[in-house]
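Trainee: using only what follows, build the 3D model:
(2 chains)
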Amino acid sequence: MAEQQTRSWWLRLPVISHLRKSVGVQRVMLIIGVALSSLFVLTAMFAPLIAPFGYAQTSDESGRFGAQMPPSAEHIWGTTVGGFDVFSRVVWGAQTAAMVIILGVVFSIFAGVILGLVSGYLGGVVDRILVVVADAVYAFPGLLLAIVMAIVISGGQSGLFGGIMAAAISITVVFIPQYFRVARAETLRLKAEPFVESAKVVGTSDIRIISRHVFPNATRTMPLIFTLNASESILTLAGLGFLGFGIEPTSAAEWGYDLNRAMADATSGIWWTGVYPGLAIVLTVLGLTLVGESMNDLNDPRLRGRKRARKPGSGQGPLGRSKQTVPTAEDVDGTGMEATK
Amino acid sequence: MTATSTAHTGPVLAIDRLSVTFATDVGDVDAVKNVSLDVAAGEVVAVVGESGSGKTVTAKTVLGLLPETAVSTGTAILNGTDVISVSGQKMRRIRGRDVAMVFQEPSTALNPVFTVGWQIAEGIRAHGKVSKKEARARAIEALTKVGIPDPEHRVDHYPHQFSGGQKQRVVIAAALALNPGLIVADEPSTALDVTVQAEILQLLRDLRDKYGTAIMLITHNMGVVADLADRVVVMYRGDVVEEADAATLFADPQQDYTKQLLAAVPHLGRNSASAGAEEGGEPSGKLLVEAKDLIIEYPGRLGTSAFRAVDGVSFAIPAGEVYGLVGESGSGKTTIGRCIAGLNRATGGSLKVYGHEMVDFKERTFKPLRKDIGFVFQDPAASFNPHLTIAECVAEPIAVHEKRSPADIRKRVDELMDAVHLPTHFGDRYPHELSGGQRQRASLARALSLNPQLLVADEPTSALDVSVQAKVLELFKEIQSEFDFAALFISHDLAVVDMLAHRVGVLLQGQLVEEGIGSQVMTHPQHPYTQRLIASLPVPDPVMQAERRAAHRAMFTT
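Mentor: Next comes the predicted model:
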């Protein structure tokens, strides 16, 4: 039993387990999403190896690059109005985006989940105040809030670390209410579950109940919100950059800023400065959204597609999964069949 | 039997070699294998089986209600049409006209935002153009048939204005609206209280007698079968095990499985825990629980008064005795149990647990006593943390209250698992890998892990199949005599309580209407409500049940 579990633990990781139980269109969507997302992550990780030039580089041994140069052998995607190499900027931009997403979403998960657990479990006045605050934050347009935060934190413009932190914290503030609400709703549901009550009956302390019984069961939907929010936070970051509240071009490459600078080019037929950063944003958001949406559908047994069953009586058909894998509670949900072993 | 809509001779429904396979995440599951059965006009055929036997799937096939993941073969001829190969459009015409369904849970089968009249008329309008006035008249007629008083007025009421039993009558009225030849009733009385169940069964019987409607009754309750069925089909894991008339099946079951199933059904008056006991003097042991005029109220919302769930209840549980608390839903029995365990608050009177006053108790002073109270919950699936192994769940109370080494704790867990007859290696499994009965055993092990002197068991067997229930009850009895703890056993099932409890209390709307030695309460009930409760309980024996029914008929006239 124990051996079996160590052998297949990775098969139960979020995206991998979803891939295994998907079929048809849902599978294609998930695979495209995973491919685009991994392309984004790999580009971000290996940006120094992939990019031919630095993000703030305007010249090399053979002299200045020149502004608004069309795509050529040396600059495959051309150069911008500021004389940067477009390809290198797009590649480095992936790194900035990845860092901002990870920091922003991790911050908001920590704060949001802890607040949600405590608020949902304890209830009372604390809960009511936190819910009102979360609703108030929720009611603001996200981008506006992010702009305010960016100004408060860094005065609008700053270097690499300050800029990334400012963008990450701006995104955090926007997303905390989402994690807060999800964690709180799950906690409220779990609070009434007999297993939490049975812990209460034996006199378990609140902290132990929250950490041991409620928390592990409240995080089911987190990977899903993570992917959906990741794509939204890219848009927020790009929006900030586009509006000029992002990171300075000499501190880091940022897609939104590049798009902003490319605005004037579009009317004079210089397409390459805008298309590539724009495409990078679209594909990354598309990839992350596809992963998130597919996971959402696959988590729900009613939305999940399945292979058609073989005709009864036509002999043993191939089993969809190896027999060793133990059915999880989710698997059992949709069919009403109980695993009796 | 004149009003039948069928002009056919022969069976209303003929299922021949039906097989249904579901595509699931763990591969294909054969839910129904090669099942053949007939239902003749005016006949009540009961399909009996435990959960997973395929009885509901068979019923749903007849109405074409299987999910997309199912593939079925064979034939199911309903009034000359094979419902398995028929198109969706044609199936819609058959539903309601030739066959209708009565669901288990009447409160979810009705749409809360429409009047019941509208919902009954909806089926009528779906089959041809009918004026509003006529549809309404026919809805009233259907309500009259099922015995709803004042139907002209009630037809405009919403579902929440009806009681549970009345809602089920409305559902049956909707099924009857088009005079179908066959009604498929999927556990029609399971969600209802036993006294209401008796009324619904009476109604179904009347419908069959008056209108000749054939009924396919899906149930797991042998008492219901004995009460209503003409013929019984026993299913087990997708196969038909046995098929016979009701009288023959109960008197002379052929297959071992049927015999086991019948033996497992608790039978009121047999196997009573308190047989021969007599009311004698003061209880011997120390009183662990003492309730005097106990009042428990749930606070109302702003502007409404508090709801009084328990009203002036007095009883006592001495050490080593099992006290059975019986009542229907809403009687306050669970509230009392939760109050003893400190999950709810008592609001008035006095409730002493181990001498500690529970009215306005402070968590700090009660906490040390919590380890001396075990609690077994109703739903074994939900009472375990799905992220912990069974051993971790069972060890949780020990880990909270005692500082012991992990090896020491595991040793104790193994002892407990042994006591509840579970193999010790099950400790490494997760809750969802155990069956319902195994989980309830583990739940019992957890409740006993700190050797409590008092156990509160809240309907511990009502979520289980009959055969599993019998085993768990036996285990409970055995462990109780071994560990000698006192217990409050809460149940809606008189027969189950009688098997375990020495003393029994009967609750009605928060008040204790009768109390006494179990066997005496069961055989000589004093209060009219207790008499009614005992009369309602169907006995798994058609002959005896028919006698009882005749004797008590006056109580359930519809």
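Trainee: what residues are up against B:Phe190?
Mentor: Wrong residue type there; residue B:190 is Thr, not Phe. B:104, B:219-221 (Cβ atoms under 8 Å, 6 or more residues apart in numbering or on different chains). In short, each C-beta sits where N, CA and C put it, glycine included.
Trainee: what parts of the stretch 51-200 of chain B come near chain A?
Mentor: In this structure, the stretch 51-200 of chain B approaches chain A at residues B:51-52, B:69-73, judged by Cβ under 8 Å from any Cβ of the partner chain.
Trainee: how about 10 Å then?
Mentor: Proximity of the stretch 51-200 of chain B to chain A, by Cβ under 10 Å from any Cβ of the partner chain, involves residues B:51-52, B:56-57, B:67-74.
Trainee: with respect to B:Ala487, which of those is nearest?
Mentor: Of all those, the one sitting nearest B:Ala487 is B:Ser51; the distance, using Cβ to Cβ, is 26.7 Å.
Trainee: what's the distance between that closest one and B:Val468?
Mentor: For B:Ser51, the distance to B:Val468 under the criterion Cβ to Cβ, to the nearest Å works out to 9 Å.
Trainee: between the two, what contacts are shared?
Mentor: Overlap of the contact sets of B:Ser51 and B:Val468 (by Cβ atoms under 10 Å, 6 or more residues apart in numbering or on different chains) consists of B:435-436.
Trainee: between these two, point out the one with more neighbours.
Mentor: Neighbour totals were compared for B:Ser51 and B:Val468, and B:Val468 leads with 20 against 17 (other Cβ atoms under 10 Å in any protein chain shown).
Trainee: helices or strands up against whichever helix or strand the more buried one is part of?
Mentor: Applying DSSP states H and E as the criterion places B:Val468 in helix B:466-483. Counting by 3 or more Cβ pairs under 10 Å, 6 or more residues apart in numbering or on different chains; DSSP states H and E, the packing neighbours recorded for helix B:466-483 are helix B:256-264, strand B:322-326, strand B:373-376, helix B:406-419, helix B:436-447, strand B:454-458, strand B:486-491, helix B:494-500.
Trainee: how about 7 Å then?
Mentor: Applying 3 or more Cβ pairs under 7 Å, 6 or more residues apart in numbering or on different chains; DSSP states H and E, one finds that helix B:466-483 contacts helix B:256-264, helix B:436-447, helix B:494-500.
Trainee: mind listing what the next helix or strand after the shortest one pairs with, with the direction of each?
Mentor: The reference is to helix B:494-500. Taking DSSP H and E as the definition, the helix or strand that follows helix B:494-500 towards the C-terminus is strand B:503-508. Each strand that pairs with strand B:503-508, with its direction, by DSSP bridges: strand B:322-326 (parallel), strand B:511-517 (antiparallel).
Trainee: report pLDDT for the residue nearest the centre of chain B.
Mentor: A centroid search over chain B (Cα atoms, centre = their mean) returns B:Thr190, at 4.7 Å, as the residue closest to the centre. Listed pLDDT for B:Thr190 reads 80.
Trainee: using the three-state scheme, assign it.
Mentor: Three-state secondary structure (criterion: DSSP: H, G, I helix; E, B strand; the rest coil) places B:Thr190 in coil.
Trainee: how near is it to chain A?
Mentor: Taking Cβ to the nearest Cβ, to the nearest Å as the measure, B:Thr190 falls 15 Å from chain A.
Trainee: surely B:Phe103 and B:Leu63 touch.
Mentor: No - the pair B:Phe103 and B:Leu63 fails to qualify as a contact (Cβ atoms under 7 Å) at a distance of 10.9 Å.
Trainee: any idea which helix or strand comes after the helix or strand hosting A:Met29?
Mentor: A:Met29 is part of helix A:24-45, with elements assigned from DSSP H and E. Proceeding C-terminally, helix A:24-45 gives way to helix A:47-50 as the next helix or strand, assigned by DSSP H and E.
Trainee: what helices and strands are in contact with that next one?
Mentor: When contacts are defined as 3+ Cβ pairs under 7 Å, 6+ apart, helix A:47-50 sits against helix A:86-122.
Trainee: from the contact counts, what lies against the helix it packs on?
Mentor: For helix A:86-122, the helices and strands in contact under the criterion 3+ Cβ pairs under 7 Å, 6+ apart are helix A:24-45, helix A:47-50, helix A:124-139, helix A:160-191, helix A:222-242, helix A:255-267, helix A:272-299.
Trainee: now do that helix against helix A:222-242, angle only.
Mentor: Between the axes of helix A:86-122 and helix A:222-242, defined by axes from the mean of the first three to the mean of the last three Cα atoms, to 10 degrees, the angle is 130 degrees.
Trainee: just the pLDDT for residue 159.
Mentor: You didn't pick a chain, so chain A it is. At A:Gly159, pLDDT is 66.
Trainee: try again with chain B
Mentor: At B:Pro159 the predicted local distance difference test score is 90.
Trainee: the one 5 residues further on now?
Mentor: The score at B:Gly164 is 83. That number is its pLDDT.
Trainee: how many other residues sit next to it?
Mentor: The local packing count at B:Gly164 equals 18, with neighbours defined by other Cβ under 10 Å.
Trainee: nearest residue to it other than its sequence neighbours?
Mentor: Here the nearest residue to B:Gly164 in space, its sequence neighbours aside, is B:Leu192; by Cβ to Cβ, 6 or more residues apart in numbering or on different chains that works out to 5.7 Å.
Trainee: distance of that neighbour from B:Glu105?
Mentor: Look at B:Leu192 and B:Glu105: by Cβ to Cβ, they are 10 Å apart.
Trainee: these two - which one has more neighbours?
Mentor: B:Leu192 (24 against 16).
Trainee: how about the contacts made by the more buried one?
Mentor: When contacts are counted by Cβ atoms under 7 Å, 6 or more residues apart in numbering or on different chains, B:Leu192 is found next to B:164-165, B:168, B:200.
Trainee: return the member of these nearest to B:Glu321.
Mentor: Checking these against B:Glu321 with Cβ to Cβ, the nearest one is B:Gly164 at 33.4 Å.
Trainee: just checking, the closest one touches B:Gln197?
Mentor: No - the pair B:Gly164 / B:Gln197 is not scored as a contact, 10.2 Å apart, by Cβ under 7 Å.
Trainee: rewinding a little: buried ones among the residues of the stretch 51-200 of chain B next to chain A?
Mentor: Burial by neighbour count, judged by 16 or more other Cβ atoms under 10 Å in any protein chain shown, picks out B:51-52, B:56-57, B:69-74 from those.
Trainee: all good on my end, thank you.
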